[in-house]
Each structure stands twice: as structure tokens, then as C-alpha cells.
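In: okay, sequence plus prediction incoming.
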Amino acid sequence: MSRLTFEEAAQSWFDHAARLVNLCYTALAEAEMKGTQKGLRDPRIVSAALLIRTTSNVRATFALLEQALIVEARIMARSAVENLLWSAKLVQKGDEFVDQMIADELKSHDRRAKFIMSSLDSLPEPIAEMLQEVVGRLKTAPISPKGLVARTVAQDSVAGHAYLIYAQLSADAAHPSIDALRRYIEDDRKDGSITLNADSDVSHEEHLRTASYACMALTGVCVAFNQLSGPTAAGAEPLTRLADEALQLETLSGLCNDIH
């Protein structure tokens, strides 16, 4: 089978993503979520929320790609990949990882409350008292000493390889790094002139690769959800077919295995 043109490949990824999103919604509808006494601490509930979040991220990725907003699209794809790292660890660790997520959330609350109290010279008394009460409660809470970060979550995970993609998307899109800012700067070495571009350049390969990353992440998150909450009819053979379709699309799109 011959390689697709860019226009054909972009449309094929768009159509593939639409089918994948619809399948994820079907899997959510089919899943049996009754019989839990853990409430929001149930790994199945957390997995469902991660799947919903990822479908939203992927829809946003493709909407932004259509507008040639490559940086913003890659930020959304990065969020989807981060969800994949969390979902894989959730399958691996279950309740233990949910506890870590809760402890991480408490750590975040603690940092924000302390920052507000330390950065403002004076606070209205009611607000100061409220913050002091929050910090006091958090002193007895199981706060994570370091917090969850993608690198540590990816360690010893079946989805650990996805961290390389996450790191690349962080460096060239999510963070205001030199690598990311270079998109907007053209440096003419001959005459020393510098041109600033309001619209960053978008290569065909980067467009297609971003689409591939987003779909890869959503497929993985749906697999994790199906393992925790299934099996569902949508999460079995249809998902496998779409995963195979994505692999074929990567070949037809001319995407190699390098991280870009």
C-alpha cells in the first residue's frame, strides 16, 4: 500500500480519532460501576474520570490541529499522555496509587495555602483564619512528601516508554523553554537578522505525529479502563482493531519510531 499524502493522512487520523472517541464513550456506557463502597477512592471511578478527561484532551488536540495551532495541540496531547501514565500505574497499583494521588492533592493544597500566607503582607482576618485552619488540618493529613511527577509515575510501568513522548511535548510545547520559543524565531546567520513569527511553523510530520501521540494515549487509557472496569464489548475486539488501524496509519503516514 502506497504512502498517503499529507492531506489524506491528516484526514485519516481525524477519522480514526473520531471512531476512537466514540468507542471510549461506548465503553464508559457499558461498564458496570455498581457495587462500590469506596466512592471516589475506587480505582474504577478514577479510571473512568481519566478516560473522560483523555477523550476531551484528544478532541481538543484535533480541533487545534485543524486551526494549525501546533503548540496548543501538543500541549493537549501531552495531557493525554500524562493521563496514560497515571492510568497504567492505576492498573498496576490500584488502591495504593489512588492513596498516592490523594496525598499528592493534599500536598498541593498545603503548598498553595502556605504560599498565600507567606507572600501577602496582610490578609483580611477571616481569610487568614480560614487559611490557618486549612494548614492546621493538613498537618494531620497523609501528605505526600514529594508529590507525584510524571517521571516517577512512569518508572516500572508498562507505559513507561510514553514518558519520552511526554518529556518531548513538555520541552517543545508545554514549557517556555528555548526549544519551544525557537519556533517563533528565525535567525539569519548570513546577515545576522532575526525575524519573529506570530505563527509558529508546522511541519507535516509534526502535525501527523501529534495526532498519533494523542490517539496512542487515548487507546492506552481505554485499555486501562477496560481492565479495571470491564471487560466491555467495546473495550475488547473493537479497541484491538482500532489499535491495529493506528499502527497501519503510522506506516502509511511515513512516521518512524523516533521521538519528535
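Out: Okay, I see it. Numbers count the residues shown, from 1 in each chain.

In: where does the prediction get shaky in the stretch 101-250 of the chain?
Out: 116-123, 131, 134-146 (pLDDT under 70).

In: all strands in it, in order from the N-terminus.
Out: 185-187, 194-196 (DSSP state E, counting those that start in this stretch).

In: can you list those strands in CSV and add distance to Thr251 and mean neighbour count?
Out: To be clear about C-beta, it is placed using only N, CA and C from the backbone, and glycine gets the same treatment. Listed next are these as CSV, based on distance: least, C-beta to C-beta, whole Å; neighbours: other C-beta atoms under 10 Å:
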stretch, distance to Thr251, mean neighbour count
strand 185-187, 33, 11
strand 194-196, 37, 8
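
In: wait, isn't Tyr163 in contact with Arg151?
Out: Yes. Counting by C-beta atoms under 8 Å, Tyr163 does reach Arg151; the two are 6.4 Å apart.

In: among those two, which residue is more densely surrounded?
Out: Tyr163 (21 against 12; other C-beta atoms under 10 Å).

In: distance of the residue nearest to Ala180 when sequence neighbours are not counted from Arg44?
Out: Counting by C-beta to C-beta, 6 or more residues apart in numbering, the nearest residue to Ala180 once its immediate chain neighbours are dropped is Asp172, at 5.3 Å. In this view, Asp172 and Arg44 are 35 Å apart by C-beta to C-beta, to the nearest Å.

In: show me what the one helix or strand Ala80 maps to is packed against.
Out: Counting by DSSP states H and E, the element that carries Ala80 is helix 70-93. Counting contacts by 3 or more C-beta pairs under 8 Å, 6 or more residues apart in numbering; DSSP states H and E, helix 70-93 is packed against helix 43-66, helix 95-119, helix 150-154, helix 162-169, helix 204-229.

In: and of those helices, who's closest to Thr251?
Out: helix 204-229 (11.0 Å; C-beta to C-beta).

In: packing partners for the closest one?
Out: So helix 204-229, by 3+ C-beta pairs under 8 Å, 6+ apart, packs with helix 6-30, helix 43-66, helix 70-93, helix 162-169, helix 237-252.
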